[in-house]
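[1] following is a predicted model, sequence given first.
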Amino acid sequence: MNHKFGIALAGLTLCAATVAQTKWDLPTAYPATNFHTENITQFASDVDKASGGKFKITVHPNAALFKAPEIKRAVQGGQAQMGEILLVNYQNEWQMFGADGIPFLADSYDAGWKLYQAQKPVLEKKLAEQGMMLLYAVAWPPQGIFVKKEIASAADLKGVKWRAYSPATARIGELVGAQPVTVQQAELSQAMATGVIESYMSSGSTGYDTKTYEYIKNFYDTQAWLPKNAVLVNKKAFDALDKPSQEALLKAGAEAEKRGWEVSKKKNLEYLDLLKKNGMTIHAPSPQLKTDMKKVGDTMIKEWLEKAGPEGQTVIDAYRKM
């Protein structure tokens, strides 16, 4: 074999291999062991399989590539081809991102799914304007109140150091007279260990992930809202894919959404059990606490609608008709 020809052939093969393989990055802010991340990892593996190894998506968990607040901008600007965000974190940018963070609007998985269907058309439109696509979204388990002391009403939360991680959680803290302190999930354990916070609202999943039971012994299962993580795709990156890769991505995304909601339901019960096993008391909220929190919810829906305007009203109306 001609030596030069061999080198040229090797060069061509190398070139073909570079062209043939598409590599994407998918940053997320959650630990690799979180069910959302496990679901994403399964999704990436499905895309890899469906494309015969031509389309590789590398998942970067635990805010390793971009911090939680930076992920959306990274996808929008094309530094990452796709990424996972918690929608409610972006409510200040656009009110509709916070629809699933309004407490006591949708307080079960079925209600959460209906709200998602009502929210989806406006979400897709907005993301398209920003050069992105919504691939899929999965709800977190319902949100309850983790608190150091036992509480029978909202008045018992007065003056308590309360973790805020979104506009809605900050507002709930204000409305019950607690002291909101901004703490991201990655810093949560430390904030509890050092007494920076004494209470917060989240799911059993976050409670378990962050070993909240080592510092806080009470969880009130208020099922206040089911916020969603959304997986976004940069539209230009998507358009640059060949048809089979696009189809593999969309199909794996649809499967990840269906699987994610089912896992979330199952995990919710598992997490509450795990919290119990680790010494936490799971309380059903007292009628008084329920009434107090419902009032907080009513105030917040009203405030949200004032900011969200007709678009918000359309979503709420569509949801209530379902």
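    Done, it's in.

[2] contacts and neighbour counts: CA atoms only from here.
    Fine.

[3] so which residue is smack in the middle of this protein?
    residue 229 (2.4 Å; Cα atoms, centre = their mean).

[4] which elements pack onto the host helix or strand of that one?
    Secondary structure assignment for residue 229, by DSSP states H and E: strand 228-234. Using 3 or more Cα pairs under 8 Å, 6 or more residues apart in numbering; DSSP states H and E, the elements in contact with strand 228-234 are helix 71-76, strand 82-86, strand 132-139.

[5] what mean pLDDT does the last one have?
    Model confidence over strand 132-139 averages 98 on the pLDDT scale.

[6] can you check the first one too?
    Here helix 71-76 scores 98 as its mean pLDDT.

[7] buried residues in it?
    Buried positions in helix 71-76, judged by neighbour count with 16 or more other Cα atoms under 10 Å: 71-72, 74-76.

[8] got a list of contacts for that helix?
    Helix 71-76 is contacted by residues 27-28, 66, 80-85, 130-132, 232-234 when judged by Cα atoms under 8 Å, 6 or more residues apart in numbering.

[9] from those, which single one is nearest residue 173?
    Distances from the contacts of helix 71-76 to residue 173 were compared by Cα to Cα; the smallest belongs to residue 85, at 22.9 Å.

[10] so who does the closest one touch?
    With contact set as Cα under 8 Å, 6+ apart, residue 85 has these partners: 28-29, 68, 71-72, 229-232.

[11] would you list every one of the strands in the chain?
    Counting by DSSP state E, residue ranges of the strands within the chain are 22-27, 55-60, 82-86, 132-139, 144-147, 161-164, 179-182, 199-202, 218-220, 228-234, 281-283.

[12] so residue 283 makes contact with residue 223?
    No: shown here, residue 283 and residue 223 do not form a contact pair, counting by Cα atoms under 8 Å, at 11.7 Å.

[13] which one of these two has more residues nearby?
    More neighbours sit around residue 223 than around the other of residue 283 and residue 223, counting by other Cα atoms under 10 Å; the figures are 21 against 15.

[14] quick one: contacts for that one?
    Listed by Cα under 8 Å, 6+ apart, the contact partners of residue 223 are 104, 107-108, 142-144.

[15] and the residues you listed, which two are furthest apart?
    For the contacts of residue 223, with distances taken as Cα to Cα, the pair at the greatest spread is 108 and 144 (12.1 Å).

[16] so for those two, which residue has more residues nearby?
    The neighbour comparison of residue 108 against residue 144 (other Cα under 10 Å) goes to residue 144, with 23 against 17.

[17] confidence score at that one?
    Reading off the per-residue confidence, residue 144 sits at a pLDDT of 96.

[18] nearest residue to residue 264 in space, please, no chain neighbours.
    Excluding the flanking residues, the one nearest residue 264 by Cα to Cα, 6 or more residues apart in numbering is residue 141, at 5.8 Å.

[19] the helices and strands packed on strand 228-234 into JSON lines, with extra columns for distance to residue 245?
    Formatted as JSON lines, the entries for these read as follows, by distance: least, Cα to Cα, whole Å:
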{"stretch": "helix 71-76", "distance to residue 245": "18"}
{"stretch": "strand 82-86", "distance to residue 245": "14"}
{"stretch": "strand 132-139", "distance to residue 245": "14"}
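
[20] for residue 307, find the nearest of those.
    Evaluated with Cα to Cα, the helices and strands packed on strand 228-234 place strand 82-86 nearest to residue 307, the distance being 20.1 Å.
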